[in-house]
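Trainee: Coordinates for the following, if possible.
(chains A and B)
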Amino acid sequence: MNPKRTHKRGGFTIIEALIAMALVGLVLTKLTMVVTQAQKAHTNEVATMVLEDQAAQVLDRVAFAIIGSDADTIDPVVEAPFSTDELSFRISMGVEEGEVIWGNPEQIGLRGDGSQLYWGQNVGEVEERIVVWCNTVSEMLEGELLNGYDDNGNSLDDELGLSFDKNGKSITIRMTLVKVDKEGRSREVTEQTTVTCRN
Amino acid sequence: MIRKHGLNGSKKRSAGSALVMALMSVSVVALLATTVLRYASTVSNRQASAVDRKKAFYLADAGLAEAFCGIVCGRSGMVGSEEAPAILGEGLFWVQATELEDSRVQLVSVGMVGRARAQLSIVVRKGINTLMDMGFFSDDKMIVEPGVEIDGYDSSKGEYDASSPNRARLISNKAIDISGSEALPTVIDGDVVSGPDDRVNVKGEVSITGQMLVSPESLVIPVFSTPRVEYVDSVNIDSPFPYVAAPGVLGLRELSVARDSELVLQGPSILVIDDLELEPGAMMSLDTSGGVISLYVTNSLDLKPGSTVTTSGTDPTKALLFVNQESSGVANLRANAEFYGIVFAPNTTVHIAETFEVFGAVGALSLLFEGPVKLHFDHMLVALAEKLRKPTLESWKVDELSIPPSEFSDPFSSMGLDRGCLKAPMAALEDQELDITYLDGTGSTQCYIGAESGFDWDQADVLVRATRDGEVVVIPNTDTYDKVNKKDSRKRGRKGRRHGKRKRRSH
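Mentor: Model prediction:
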């Protein structure tokens, strides 16, 4: 019960307070920086993951659309080092009275400014159906330049963001998706697969 | 006391605010963590679903492959069932086979893994036995007259050449009597095979360059059906101008061509004619430059002496003459012809005159040679017949590729199946009633009738004949002619052959 002692313990000197505030400020600044960096990394990671996820899904859709086609109905027939960004094909609907029934002509390609990947049925006809599967296709495939050479070493010259090339009954599909963030940085994801036409 | 109280009260307020701040911080962090986790979980689930969907697709595809292999081996194509599917890796599949018209079968395969399900279907045309590789075949006794010349060649290597090393095949399910004379020696450049209970009888000047063999089993003549067409009318061609049957499908009750008149058949076409007659001096041209001409005669065929038949090409598979009479009948091939084609008449006695020279193959109920006939077996047909024995894929399609809503994360739980009770794909092939005749390791003929699961395929050294559920099994590389040769080789007792022994197994 010493009042003098109690008084001494009740506050801080201005120096103590300033030091404490500086330390707190420092810690908060560091903390903010760490959180911001983590947030950025997370945002980047999520954006890349979303793009990869989207690329994988779109590639699956393209592959499953083509796999049931007749290799002989695929148009145009382009073999490496050349490639095409548009493919027309027909898929089998079964057999009736001894004849194979082929579905309506389908098409997969790029449209608009070349960034939209679409699937179409009866394209150019009255009963045309167009569905855009993706709108982030890159202008050129990752690492490729429009210079007449194979810049990215995939044995194709000047392939666009979506490319098809045929080898026998197999079609190789390559695709690069690109997304530009708020800060103007672009993020690219490239996927490829080869499907064998079953008919 | 007041100060103390005040001091104590201040301490209490301070401690409370720290707790609130701490709680708020924890709440914010927890909220952030939950959001991130939820998002990560959503992405992960989506990716897992995509992977499962692919796996299900490949499982269903594997099911189709297994079923197709089964059909190649002459089985039904059924693999497991929805109640007892086949297990493969983390998933399962079953294949349902449905018989369609014209030797076709539809296979529907369902693959399931994780939550995903894929259904694929194919239509397969089963292998058919054509006998076209049998050369010149007669179900009844065959009598080969003096002066007959029978040899082989291979049109894939060029035009007919009498010095070709390819041999002919002369086969009957009964006896074969071959006779020749000094004036008219008979020459058979190839093998002669009689039926199991008969033999090849040779008399006089006869030269056979190949072997004279006895078949272990009668050949089963394949059944074929005449295409259904709409009949237009009967046509009697009696005009100096050729009558041209354009490519397409045509059905006629009667078609007769009078003297100095010409009938031109253009391929690709299918013609079904009840009665076909060529008068002496009449002409029938088969223009196969555009495609195959399949001519079905359902009642009578009479190509009279003095008439002419021509084929535009030398490919025997382009001119097919089928005689499909309901009951045993007669077909006369007495025209002047160098006929490059295939004649198949399973219910008919076919008379071939010396003027009707065949380059291809002839199969009939009975083959009667009128005079010194010349027949040339085209070996290209052996490869073609082999190809036709194999099933062919006609259509492939994706029926379903989905993630149906389910509370279970694997198909075994959702379908209430015990993983340990399910069979592997090969074992899940449908068990069928097998009726088989085969040669065992000692060359003895053996038979087995019963469930296929009870048959040890290792016992069967050479398959002679087999039916599954009453249907004749057509297996690629099961050339009866070769089987005859194999048996004969074994009888000759060549030692040290076992290292090259071929066993046919069930797949």
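Trainee: give the contact list for whichever residue of chain A sits closest to chain B.
Mentor: In chain A, the residue that lies nearest chain B is A:Arg198 (3.8 Å; Cβ to the nearest Cβ). C-beta here means a position set from N, CA and C on the backbone, and glycine is covered the same way. Residues in contact with A:Arg198, defined by Cβ atoms under 8 Å, 6 or more residues apart in numbering or on different chains, are A:Ile67, A:Gly68, B:Leu393, B:Trp396.
Trainee: so the third one makes contact with B:Lys126?
Mentor: No. Distance between B:Leu393 and B:Lys126: 11.3 Å, which falls outside the contact criterion (Cβ atoms under 8 Å).
Trainee: Which secondary structure state does whichever residue of the stretch 251-400 of chain B sits closest to chain A sit in?
Mentor: Using Cβ to the nearest Cβ, the single residue of the stretch 251-400 of chain B nearest to chain A is B:Trp396, 3.8 Å away. Three-state call for B:Trp396 (DSSP: H, G, I helix; E, B strand; the rest coil): strand.
Trainee: how near is it to A:Leu23?
Mentor: According to Cβ to Cβ, to the nearest Å, B:Trp396 and A:Leu23 sit 72 Å apart.
Trainee: Could you name the specific helix or strand carrying B:Ser218?
Mentor: Assigned by DSSP states H and E, B:Ser218 belongs to no helix or strand.
Trainee: Need the nearest residue in space to it, chain neighbours excluded.
Mentor: Using Cβ to Cβ, 6 or more residues apart in numbering or on different chains and skipping residues adjacent in sequence, the residue nearest B:Ser218 is B:Asn173, 4.4 Å away.
Trainee: Which helix or strand lies directly C-terminal to the helix or strand bottoming out on mean pLDDT in chain A?
Mentor: The helix or strand of chain A with the lowest confidence, counting by mean pLDDT, DSSP states H and E, is helix A:3-9 at a mean of 54. Using DSSP H and E, the helix or strand that follows helix A:3-9 towards the C-terminus is helix A:14-67.
Trainee: After that next one, which helix or strand is next?
Mentor: Next along from helix A:14-67, by DSSP H and E: strand A:87-89.
Trainee: what mean pLDDT does that next one have?
Mentor: What strand A:87-89 shows for mean pLDDT is 94.
Trainee: Could you pick out the longest helix of chain B?
Mentor: helix B:2-72 (DSSP state H).
Trainee: The helix or strand following that helix packs against which elements?
Mentor: Elements were assigned by DSSP H and E; along the chain past helix B:2-72, the next helix or strand is strand B:86-88. Applying 3 or more Cβ pairs under 8 Å, 6 or more residues apart in numbering or on different chains; DSSP states H and E, one finds that strand B:86-88 contacts helix B:2-72, strand B:91-99.
Trainee: got a list of contacts for strand B:86-88?
Mentor: Outside strand B:86-88, the residues that reach it (Cβ under 8 Å, 6+ apart) are B:59, B:62-63, B:66, B:79-80, B:92-94, B:419, B:422-425, B:427-428.
Trainee: For the residue of the stretch 251-400 of chain B closest to chain A, which residues are in contact?
Mentor: Residues near B:Trp396 by Cβ under 8 Å, 6+ apart: A:Gly68, A:Ser92, A:Arg198, A:Asn199, B:Leu64, B:Leu120, B:Ser121, B:Ile122.
Trainee: and it, bridged to which residues?
Mentor: Going by DSSP bridges, B:Trp396 is paired in beta bridges with B:Ile122.
Trainee: Please convert the contacts of A:Arg198 to CSV, extending it with pLDDT and distance to A:Ala80.
Mentor: As requested, those are exported to CSV (pLDDT from 0 to 100; distance: Cβ to Cβ, whole Å):
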residue, pLDDT, distance to A:Ala80
A:Ile67, 93, 20
A:Gly68, 90, 24
B:Leu393, 91, 27
B:Trp396, 94, 25
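Trainee: Take those and write them to JSON lines, including distance to A:Asp53.
Mentor: Formatted as JSON lines, the contacts of A:Arg198 follow (distance: Cβ to Cβ, whole Å):
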{"residue": "A:Ile67", "distance to A:Asp53": "21"}
{"residue": "A:Gly68", "distance to A:Asp53": "24"}
{"residue": "B:Leu393", "distance to A:Asp53": "34"}
{"residue": "B:Trp396", "distance to A:Asp53": "29"}
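Trainee: What parts of chain A come near chain B?
Mentor: Contact residues (Cβ under 8 Å from any Cβ of the partner chain) of chain A with chain B: A:3, A:6, A:10, A:42, A:46, A:49-50, A:53, A:56-57, A:60, A:64, A:67-68, A:91-95, A:97-98, A:100-101, A:198-199.
Trainee: make it 6 Å
Mentor: Residues of chain A lying near chain B by Cβ under 6 Å from any Cβ of the partner chain: A:Gly68, A:Ser92, A:Gly94, A:Val95, A:Gly98, A:Val100, A:Arg198, A:Asn199.
Trainee: Quick one, grab the pLDDT at the fifth one.
Mentor: The predicted structure scores A:Gly98 at 77 on the pLDDT scale.
Trainee: Helices along chain B, start to end?
Mentor: B:2-72, B:380-389, B:411-415, B:480-491.
Trainee: can I get the ones you listed in TSV with distance to chain A?
Mentor: Converted to TSV, those look like this (distance: least, Cβ to the nearest Cβ, whole Å):
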stretch	distance to chain A
helix B:2-72	6
helix B:380-389	16
helix B:411-415	20
helix B:480-491	28
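Trainee: any chance of those in JSON lines, with mean neighbour count, mean pLDDT and distance to B:Ile352 too?
Mentor: Output for these, formatted as JSON lines (neighbours: other Cβ atoms under 10 Å in any protein chain shown; pLDDT from 0 to 100; distance: least, Cβ to Cβ, whole Å):
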{"stretch": "helix B:2-72", "mean neighbour count": "14", "mean pLDDT": "80", "distance to B:Ile352": "36"}
{"stretch": "helix B:380-389", "mean neighbour count": "18", "mean pLDDT": "86", "distance to B:Ile352": "18"}
{"stretch": "helix B:411-415", "mean neighbour count": "17", "mean pLDDT": "88", "distance to B:Ile352": "62"}
{"stretch": "helix B:480-491", "mean neighbour count": "18", "mean pLDDT": "54", "distance to B:Ile352": "21"}
